[in-house]
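Asks: what follows is a predicted protein model with its sequence.
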Amino acid sequence: MEENVDISVLVRLLKQLNSDLGENFILTSAPVASALTASGGNLNNVSYSQLDSQATDAGRPNGKLINWYNAQCYNGWGAASSSNTYTSIINNGWSPNRIVMGVVDSGNDGSGFVPLSTLNSVISTLRGDYGTNFGGVFGWEYFDAGTGDNLSSPWQWVKQIGSDLFSASKSARGRRLPTHNPARPVTPFEPQMAELMSRGVSWNDALVSLNKTAGNINDAKARLGL
């Protein structure tokens with residue numbers, strides 16, 4: 001959201017979406033990163049801490065209507081060239097498993113592009129700092145991802161980020177992180193996810209199938225051919 005609006009309007013919208021689509025439907029928000037820090041630099045008048053405290057529902061993960069926040073660490077509102085912006089968000093009271101670090105994955109998509117070699121180091125540091133609670137990384141936008149790293153296809157950029165996030169690595173503090181419990185955002189389908197993954201389904205495919213079937217495990221199995 002990039003315009004001024006009263007928080008009460010956003011809370012009503014989130015509650016209505018929750019009512020219409022059900023508690024298993026994932027709701028996210030993508031504020032500029034600085035809006036989640038103590039400095040509060042923003043594109044609008046919204047206090048996300050205030051919004052998060054009001055947008056609640058007992059049936060949601062952690063009681064929150066917004067499952068997680070995709071923080072835009074680019075275009076001058078934050079930076080992905082180091083761990084500083086992400087850390088400042090967490091130091092402002094946010095749980096790292098609800099904060100995904102957003103980056104531009106090509107210099108064509110905005111300012112603040114960071115090459116994969118640098119992102120690898122930043123991800124390693126954040127994994128070391130927050131372990132499996134680190135919320136992960138998203139890229140804007142997919143169609144030209146990797147062009148700044150001389151990659152021929154967007155999926156190659158995604159594959160490298162996935163490898164950095166989920167493979168074993170030593171953190172900046174020297175701790176080895178486990179490969180069997182990689183960092184992932186909280187989802188409302190944890191029991192269903194576990195069942196599908198026990199059948200050999202990847203985390204991503206399990207989440208997609210459950211999203212498309214509103215968390216119905218039998219319908220999800222049918223979509224996956226199980």
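Replies: Okay, I see it.

Asks: so is the most centrally placed residue in the chain in a helix, a strand, or just coil?
Replies: Per CA atoms, centre = their mean, the C-alpha nearest to the average position across the chain is that of residue 100, at 3.2 Å. In three-state terms, and counting by DSSP: H, G, I helix; E, B strand; the rest coil, residue 100 is strand.

Asks: would you agree it is in contact with residue 138?
Replies: Yes: using CB atoms under 8 Å, residue 100 is in contact with residue 138, at 5.3 Å. To be clear about C-beta, it is placed using only N, CA and C from the backbone, and glycine gets the same treatment.

Asks: now the common contact residues for these two.
Replies: residue 70 (CB atoms under 8 Å, 6 or more residues apart in numbering).

Asks: in the chain, where is pLDDT below threshold?
Replies: 1, 168-188, 204 (pLDDT under 70).

Asks: and residue 91, how far from residue 78?
Replies: Using CB to CB, to the nearest Å, residue 91 is found at 13 Å from residue 78.

Asks: again, but for residue 90
Replies: Distance from residue 90 to residue 78, by CB to CB: 13 Å.

Asks: what about the two, which has more around it?
Replies: Ranked by neighbour count (other CB atoms under 10 Å), residue 90 and residue 78 place residue 78 first, with 26 against 21.

Asks: which residues does the nearest residue to that one once chain neighbours are set aside contact?
Replies: Closest residue to residue 78 apart from its sequence neighbours, by CB to CB, 6 or more residues apart in numbering: residue 33 at 2.9 Å. Neighbour list for residue 33: 71, 72, 73, 77, 78, 85, 86, 89, 102 [criterion: CB under 8 Å, 6+ apart].
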